[in-house]
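A.B. asks: Here is the input, now give the coordinates:
(2 chains)
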Amino acid sequence: MSALQRIGAIADKEFRQLSRDRITFGMVVMIPLIYLLLFGYAINPMVRGVPVGIVDLSGSAAVRGIVEQVRVTQVVDIVTSYDTPAEAEEALVAGDVRAVLIFPSDLTQRLAGGESVGQWLVDGSDTSIGNALLGLRDMPLQVEAGAPRGAYRESESSFEVALFFNPERRSAVNIIPGLAAITLSMTMVLFTSIALVRERERGNLELLITTPIHPLELMVGKLLPYVLAGFIQLGIILGLGSIVFSVPFQGAYLQLAIITLVFISANLTLGLLISTVAQTQMQAMQLTMFILIPSILLSGFMFPYEAMPVTAQYIAEALPATHFMRLIRGVYLRGADAQQLASDITWLLVFTLIMLAIATKRFTKTLD
Amino acid sequence: MTDSAITARGLTRRFGDVVAVNNVDLSIPEGQIYGFLGPNGSGKTTTIRMLCGLLTPSEGDVSVLGMDIPTEAEALRHRIGYMTQKFSLYDDLTVEENMAFICRVYGLSRSLAAERIRSRLDRYGLSALRERRAAAMSGGQRQRLALATATLHEPDLLFLDEPTSAVDPENRRDFWEKLFDLVEDGSTILVSTHYMDEAERCHQLAILETGTLCKQGSPAELMAELAGRVVEIQGQGLRDIKARVLALPGVRSAAQQGLHLRVLLSDNHDDPVAFLRAGLSNPELGFQSARASLEDVFVAFTNGSGER
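C.D. replies: So this is what the prediction gives:
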């Protein structure tokens, strides 16, 4: 009986404390909600609507019919067309499209001879996208518009598919740069969010704010060591990725350094903002998880961005990890340069400045 | 430079409906140790925080070292030192690292910092502990480190918020010796405390209660005001006598101290012993007039006694 009473006393106390910790209490409700939305609604391992471009070198009237048949598979979303294969390849490197369908100039003869009618150039770094496009290789094609249902042409395969950047279709190629993005998301946000909260918890902040230190100086000073930590992490992941998993590095080190720096900055300033909201290290940790889970699930790390519904894509766009996922895969796997990926870099820079401004504003040097 | 290090008029701070500091007027002279004496929750910390610009007053004007607060609080930070109630240096840094950090925050040059650190280590008996992490130090050592660090930039004004609450009496004594050294060098010190013996060492005192400044003056002046109001009673059955004494008109308070009962009267009497003897009419009791202590002062001027 007295054991029950004591257990009851602890449980009662715990419940009172829990209900007074607003952030923890919020997490009790928010975690299942977010998980439900992410897993139940947003995540769909079936690849649909991969953005692709068309290059038509044939000028043939048959192209339109073939493109239409490709479109109705819903595997791809034809977003643009290019004049030359070179232009298309550039767009592939820049990440504007994930694949390009090229119709050769001898399309008419090929149609007649039962050969494949076009070639897909595919960014194969993400194996699920590569596989989806490979699935189109043998899709049945109707030769003429208006032909009777089931009248398909006889041929070996409808298209040829060339997988760029990851011809062996090894998932490690795509996952390891992505892992860098996830690792940095987690540690950078967590380190900084805890760093400032710890000073508050231990009472150091009360002393610091009586000194001439400016909030911005305090913020930047606190961040710098973690920038170094971030680069060490990147080095470990990509170094081991290269040695153990033979992930080929196609880009330039300077480009890699630039994109990593902007991503680390974005995460650190996000962590700072969290630290101005959280009162305890526990709360800082919870808020970090709140950012981290969508970053893992929606950034394109686990599931192709293109396969997600539009709503989930909007959420993903708000997360720094999504932009870095594109950047690092572009630079690392496809050898893209920063100029080609300028929009993601700009977005991360703007994100950093906004976070830093809000964090600095929220951190006033008074105890009001 | 003005003669007053700190002046405040109508200083008020509200937290929601709670008035933490209520209409406090202060005039704190330079080159002295000025004490805030009051129980926990009397508004000492809130007042100190307002005076150094950490809290914005709800009402009132504050001028510290000739600067308007809170508008010039940033400029003031270079000239004040603040020792928080809770140890606020870094536990995981050594004595020397903590001091070097603070020197850099205040923008001291490398050579000046080295010189100051050396002198503070020496002055506060920390030389042997320079490599010791703060976490591994005793309460008294940490408090010396906190004071040493607060004086690295040679502030004109030092705020010490209950600096000795975690320190044993001997260390407390040494600590006060250091404070008088600092005053000798020209600093002004504002210290809050709830210890009577500590308050007694101050040049000037302000007695605070529930956010109100009840009385200001030097300890000696304050105690002199209570001449003819303190009587000690000796005898048997002091607990009963105390109840009877408290029931008498004109008695402010009575507190047992060992074998005698210390009675504080509401008014000054030429012959307080006669006054009490007449009231109690018990021939077995011994009466003796006593010199007022600071505790008497505290009791006399607080609890809404109307003695302002």
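A.B. asks: hey, let's count contacts and neighbours off CA atoms from now on
C.D. replies: OK.
A.B. asks: Can you name the residues that contact the closest residue to chain B within the stretch 101-250 of chain A?
C.D. replies: Per Cα to the nearest Cα, A:N204 is where the stretch 101-250 of chain A lies closest to chain B, at 4.4 Å. Taking Cα atoms under 8 Å, 6 or more residues apart in numbering or on different chains, we find A:N204 in contact with B:87-90.
A.B. asks: Buried ones from those residues, can you make that a ChimeraX selection?
C.D. replies: Selecting only the buried entries of these in ChimeraX, with 16 or more other Cα atoms under 10 Å in any protein chain shown as the criterion:
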select /B:87,88,89,90
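A.B. asks: My understanding was that B:L238 contacts B:V263; is that so?
C.D. replies: No: B:L238 lies out of contact with B:V263 (Cα atoms under 8 Å); the separation is 11.7 Å.
A.B. asks: ok so, going back, of the contacts of A:N204, list those near chain A.
C.D. replies: B:87-90 (Cα under 8 Å from any Cα of the partner chain).
A.B. asks: What is the nearest of these to A:G271?
C.D. replies: B:Y90 (21.5 Å; Cα to Cα).
A.B. asks: State the pLDDT value of the closest one.
C.D. replies: Looking at B:Y90, its pLDDT is 94.
A.B. asks: can you check A:L205 too?
C.D. replies: 88.
A.B. asks: and it, what element?
C.D. replies: Per DSSP states H and E, A:L205 falls inside helix A:204-208.
A.B. asks: and what of A:L270?
C.D. replies: helix A:253-277.
A.B. asks: circling back: higher neighbour count, B:L238 and B:V263?
C.D. replies: B:V263 (24 against 19; other Cα atoms under 10 Å in any protein chain shown).
A.B. asks: Spell out which parts of chain A neighbour chain B.
C.D. replies: Near chain B, when you scan chain A using Cα under 8 Å from any Cα, you find A:202-207, A:209-213, A:365-368.
A.B. asks: Show me the two of the residues you listed that sit farthest apart.
C.D. replies: Taking Cα to Cα, no two of these sit farther apart than A:R202 and A:P212, at 20.0 Å.
A.B. asks: Could I get the full set of strands for chain B?
C.D. replies: Taking DSSP state E as the test, the strands found in chain B are B:4-15, B:18-29, B:33-37, B:59-64, B:67-69, B:80-83, B:157-161, B:188-193, B:204-209, B:212-217, B:230-234, B:251-257, B:260-265, B:286-289.
A.B. asks: Compile the ones you listed into JSON lines and extend it with columns for mean pLDDT and distance to chain A.
C.D. replies: Output for the strands of chain B, formatted as JSON lines (pLDDT from 0 to 100; distance: least, Cα to the nearest Cα, whole Å):
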{"stretch": "strand B:4-15", "mean pLDDT": "94", "distance to chain A": "9"}
{"stretch": "strand B:18-29", "mean pLDDT": "93", "distance to chain A": "13"}
{"stretch": "strand B:33-37", "mean pLDDT": "95", "distance to chain A": "20"}
{"stretch": "strand B:59-64", "mean pLDDT": "94", "distance to chain A": "14"}
{"stretch": "strand B:67-69", "mean pLDDT": "91", "distance to chain A": "12"}
{"stretch": "strand B:80-83", "mean pLDDT": "94", "distance to chain A": "7"}
{"stretch": "strand B:157-161", "mean pLDDT": "95", "distance to chain A": "11"}
{"stretch": "strand B:188-193", "mean pLDDT": "95", "distance to chain A": "15"}
{"stretch": "strand B:204-209", "mean pLDDT": "93", "distance to chain A": "21"}
{"stretch": "strand B:212-217", "mean pLDDT": "92", "distance to chain A": "20"}
{"stretch": "strand B:230-234", "mean pLDDT": "92", "distance to chain A": "43"}
{"stretch": "strand B:251-257", "mean pLDDT": "90", "distance to chain A": "38"}
{"stretch": "strand B:260-265", "mean pLDDT": "92", "distance to chain A": "40"}
{"stretch": "strand B:286-289", "mean pLDDT": "90", "distance to chain A": "47"}
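A.B. asks: for the helix or strand containing A:S185, which positions count as buried?
C.D. replies: Applying DSSP H and E as the criterion places A:S185 in helix A:171-202. Of the residues in helix A:171-202, A:172-200 count as buried by neighbour count, 16+ other Cα under 10 Å.
A.B. asks: Tell me, how many residues neighbour B:L248?
C.D. replies: For B:L248, using other Cα under 10 Å, the count is 13.
A.B. asks: Could you do A:I243 as well?
C.D. replies: So A:I243, with other Cα under 10 Å, has 10 neighbours.
A.B. asks: Against A:I102, how distant is it?
C.D. replies: 36 Å (Cα to Cα, to the nearest Å).
A.B. asks: Same check on B:L26?
C.D. replies: From B:L26 to A:I102 the distance is 85 Å (Cα to Cα).
A.B. asks: Between the two, which is the more surrounded one?
C.D. replies: The neighbour count for B:L26 versus A:I102, taken as other Cα under 10 Å, is higher for A:I102 (25 against 17).
A.B. asks: May I have the secondary structure class of the more buried one?
C.D. replies: strand (DSSP: H, G, I helix; E, B strand; the rest coil).
A.B. asks: Just list whatever residues bridge to it.
C.D. replies: For A:I102, the beta-bridge partners are A:V55, A:Q119 (DSSP bridges).
A.B. asks: is it true that it touches A:W120?
C.D. replies: Yes: with contact defined as Cα under 8 Å, A:I102 counts as touching A:W120 (6.3 Å).
A.B. asks: Spell out the residue ranges of the helices in the chain.
C.D. replies: I'll assume chain A. Applying DSSP state H to chain A gives helices spanning A:2-20, A:22-35, A:62-72, A:85-94, A:107-113, A:127-134, A:171-202, A:204-208, A:215-243, A:253-277, A:281-298, A:310-318, A:320-334, A:342-362.
A.B. asks: You answered for a different chain; I wanted chain B.
C.D. replies: B:44-51, B:73-76, B:95-105, B:110-123, B:139-150, B:169-184, B:196-199, B:219-224, B:238-247, B:272-280, B:294-301.
A.B. asks: Of those helices, which is nearest A:I232?
C.D. replies: Among the helices of chain B, helix B:95-105 comes nearest to A:I232, with 25.6 Å by Cα to Cα.
A.B. asks: hey, C-alpha coordinates of the closest one in PDB?
C.D. replies: Provided in PDB are the C-alpha atoms of helix B:95-105 (Å, rounded to 0.1, in the frame of the first residue of the first chain):
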ATOM      1  CA  VAL B  95      41.200  30.400 -12.400                       C
ATOM      2  CA  GLU B  96      43.600  31.900 -14.900                       C
ATOM      3  CA  GLU B  97      41.400  31.100 -17.900                       C
ATOM      4  CA  ASN B  98      38.400  32.700 -16.400                       C
ATOM      5  CA  MET B  99      40.300  35.800 -15.600                       C
ATOM      6  CA  ALA B 100      41.900  36.000 -19.100                       C
ATOM      7  CA  PHE B 101      38.400  35.600 -20.600                       C
ATOM      8  CA  ILE B 102      37.000  38.500 -18.700                       C
ATOM      9  CA  CYS B 103      40.000  40.700 -19.500                       C
ATOM     10  CA  ARG B 104      39.400  40.000 -23.200                       C
ATOM     11  CA  VAL B 105      35.700  40.700 -23.000                       C
END
